[in-house]
Structures are given as C-alpha cells and as structure tokens.
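*Asks:* Here's my sequence, what's the structure:
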Amino acid sequence: MTMFYFVRHGEPDYESVGDWADIPFGRQFAGLTPAGEAQIMAAARSLKKAAPQILISSPYTRALQSACILARELDIPLRVERDLHEWDSDRTHTVRDQGELLRLCQEHDACGGIYPDGDGKPWESTQLVRDRVLRVLEKYADYARVAVAGHAMMMQAVTGESRSYAYGEVAAWETR
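*Replies:* Sure, this is the predicted structure:
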C-alpha cells in the first residue's frame, strides 16, 4: 500500500498573468502570492513528519511552484505529471468566451460532476478526473509515501471528499 499526501497549491496570483487571465488557458500560468508561498512552507513543515520519498506535481504553474518549494524543503526528487492537471471545464478546448466557461463550471456543479442521463458534456466529469489521476498514482505504487502537489478538484475526486480544501492543505489518502 502507498500513502499519498495530497497538497493543494498555495494561493494563486491571477493578477500576475495580466491580460492573459482573459485567455481561457492563460490563468493556468499564474504563480503564487507571497501568502501562497507561506502556505506551502507550512505544508512542507507538516509533511516533514510523514517523510515522503518522492513528490509528483501538476504541470500548472501554481502547483509546480508549490512543488518546487516542497521539493526543496523536503529534499526529495520532483516529477511533473501532465495528467495531474486541474479539472478541465472544456475538454474540446474550443470555448474562448469566459461567460461560456463560467456556465460550464456552473453546469458541472449543478450536476454534481456527473453527466446527466449519461450524456457527455464538454466538461470533465468527476469520474474522469478520478480515473486520470489514479492512472498517474499507479505509477508510484512502489513507493511507501508519495507527496502530490495539485488541485482541489483532483483531491476531491480521488479522496471522495466533496469539501473545500484550503490553499496549502495536506490530505493523506492510502491506496487499498
């Protein structure tokens, strides 16, 4: 069995991306605020007791910056995993209108992350997120303790907890 320590990225600084924030994918380039960096430093102190052997991270800037801080503070290797990315509100990657993206997010939430009547939607279902992340985690099953820097929806999908995760929060989850 492997113990995974999910760490939600620190508070993002969306102002840092300027007018890129109006581009649907542009917000993914936002780094952390100073408060976000402090949140991750606190997470690193918390994780030292768990002694993770390796750290894997989402490729999105806010998670990757969080992972760099964690890897440095914990003195463990870091691997970036493409499929640990944030929930995808538009799997078609064709929606350019922020209002439509917001509508898709609201639709996802109203449906509880489940496609109504089994009909596919442009947004990624909770089950698809879970399946995608579990495929990544399987690659690290030979480790006893793995830290994972990522996103709240990813954490919710894997742990089954629908609660909010605070920036920099650590949540332990063990494979069975």
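*Asks:* Now do the closest residue to residue 95 other than its chain neighbours: how many residues are near it, please.
*Replies:* Once flanking residues are discounted, residue 95 sits nearest to residue 101: 5.6 Å by CB to CB, 6 or more residues apart in numbering. (C-beta placed from N, C-alpha, C; glycine too.) Neighbour count of residue 101, defined by other CB atoms under 10 Å: 16.
*Asks:* So residue 101: helix, strand or coil?
*Replies:* Recorded secondary structure, residue 101: helix (DSSP: H, G, I helix; E, B strand; the rest coil).
*Asks:* The one 3 residues further on now?
*Replies:* Here residue 104 is helix, with the state taken from three-state DSSP.
*Asks:* And residue 79, by the same measure?
*Replies:* Applying three-state DSSP: residue 79 is strand.
*Asks:* Quick check: beta-bridge partners of it?
*Replies:* For residue 79, the beta-bridge partners are residue 56 (DSSP bridges).
*Asks:* How about stretch 158-176, which residues are buried there?
*Replies:* Within stretch 158-176, the residues scored as buried using 16 or more other CB atoms under 10 Å are 158-159, 165, 167-171, 173.
*Asks:* May I see those residues organised as TSV, with distance to residue 10 and secondary structure added?
*Replies:* Conversion of the buried residues of stretch 158-176 to TSV gives the following (distance: CB to CB, whole Å; DSSP: H, G, I helix; E, B strand; the rest coil):
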residue	distance to residue 10	secondary structure
158	20	helix
159	19	helix
165	12	coil
167	5	coil
168	5	coil
169	10	coil
170	12	strand
171	15	strand
173	20	strand
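*Asks:* with those in mind, which one is nearest to residue 114?
*Replies:* Residue 114 lies nearest to residue 158 out of the buried residues of stretch 158-176, by CB to CB, at 16.2 Å.
*Asks:* For the closest one, give me the pLDDT.
*Replies:* Predicted confidence (pLDDT) for residue 158: 96.
*Asks:* Relative to residue 125, how far out is residue 131?
*Replies:* Distance, residue 131 to residue 125, by CB to CB, to the nearest Å: 9 Å.
*Asks:* Between those two, which is the more surrounded one?
*Replies:* Here residue 131 and residue 125 are compared on neighbour count by other CB under 10 Å; more neighbours surround residue 125, at 20 against 13.
*Asks:* how close does that one sit to residue 119?
*Replies:* Residue 125 is 11 Å from residue 119, by CB to CB.
*Asks:* now the helices for this structure?
*Replies:* 34-48, 61-74, 98-110, 126-138, 152-159 (DSSP state H).
*Asks:* Nearest residue to residue 108 in space, please, no chain neighbours.
*Replies:* Using CB to CB, 6+ apart, the closest residue to residue 108 is residue 123 (4.7 Å).
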